[in-house]
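# this one's structure only:
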């Protein structure tokens, strides 16, 4: 996933879970069945999992531009400078 | 949100938190409704009213009297009473018990439980029961002859999530016989 995709996934997950919870609570309260509320919510959780957790292509619409391998050779990696340390003379 | 495991973990945690919030809301919604059932109890007959020779508890030197009796109880729950409990969605079962209350010189309030039962679901909530008492009506001393007592019907409502609440109805005007049978 790219950065935009991750943000989208997180927002989708939160929105869907809260929406399903509200719908489940209202329907359960209206028909008077605790079990129905839990079932609707469980279905909502499963649906949200299917939408947000796997790495779908629509999460990758702004792909990151990785550096080309041919470019690497033209710009060699800078080496760390080796410094010589003089030993401290003790009298 | 960069990896599969990370997203799965975040989703699970958030969904369980929301589930806890939903259950709290459900149990809170119980406080908005307060029911009031009705019941009628008739004592049909008192079959056995004796004293037991092994007395205890009231500190007198003579042999104490402990009474046992069998009582027929006809109890009717009128329409829409206990059924009302189950119209609220958060109910698991209702525990009902019948207690006799009376006063003695030693204790200002004595409560003896005579019968209890469990109503597991809405379909069985409207009922009448015709039975003998499950537990013996025993006094700690010799106070029961000719005693006036109240019958109290208590109920405890167990929700699926949240706080249990209890209430009672008091029915007055019952009296034990003056002599042993």
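Everything's here; your move. Quick caveat: nothing in here was measured; it's all calculated off a predicted structure.
# what about the helices in the chain?
All of this is about chain A. Listed from the start of the chain, chain A has helices (DSSP state H) covering A:3-31, A:34-52, A:69-74.
# right idea, wrong chain: chain B
With DSSP H, the ranges of helices along chain B come out as B:4-30, B:82-87.
# export those to CSV and tack on mean pLDDT?
Putting the helices of chain B into CSV (pLDDT from 0 to 100) gives the following:
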stretch, mean pLDDT
helix B:4-30, 88
helix B:82-87, 48
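# What is the neighbour count of the nearest residue to residue A:27 once chain neighbours are set aside?
Nearest-residue entry for residue A:27: residue A:40, 6.0 Å, with adjacent residues in sequence omitted and distances by CB to CB, 6 or more residues apart in numbering or on different chains. Where C-beta positions appear, they are placed from N, C-alpha and C, glycine not excepted. Other residues within reach of residue A:40, judged by other CB atoms under 10 Å in any protein chain shown, total 19.
# if we can go back for a sec, kindly compare burial across the helices of chain B and name the winner.
Highest mean neighbour count of the helices of chain B: helix B:82-87, a mean of 18 (counted as mean count of other CB atoms under 10 Å in any protein chain shown).
# Need the residue closest to the centroid of chain A.
residue A:6 (3.9 Å; CA atoms, centre = their mean).
# That one reaches residue A:59, doesn't it?
Yes: between residue A:6 and residue A:59 a contact is recorded at 7.5 Å, counting by CB atoms under 8 Å.
# Can you pull the residues of chain B lying near chain A?
With CB under 8 Å from any CB of the partner chain as the criterion, chain B meets chain A at residues B:1-2, B:4, B:7-8, B:10-11, B:14-15, B:18-19, B:21-22, B:25-26, B:29, B:87-90, B:160.
# any idea how far the lowest-mean-pLDDT helix or strand in chain A is from the chain center?
Each helix and strand of chain A was given a mean pLDDT (mean pLDDT, DSSP states H and E); the minimum falls on helix A:69-74 at a mean of 75. The chain centroid and the centroid of helix A:69-74 are separated by 30 Å, computed with CA atoms, centre = their mean, to the nearest Å.
# before we move on, what about stretch A:53-73?
15 Å.
# that older thread, ok, which of the helices of chain B comes nearest residue A:28?
The minimum distance between residue A:28 and the helices of chain B falls on helix B:4-30, with 7.7 Å, by CB to CB.
# What is the closest one packed up against?
helix A:3-31, helix A:34-52 (3 or more CB pairs under 8 Å, 6 or more residues apart in numbering or on different chains; DSSP states H and E).
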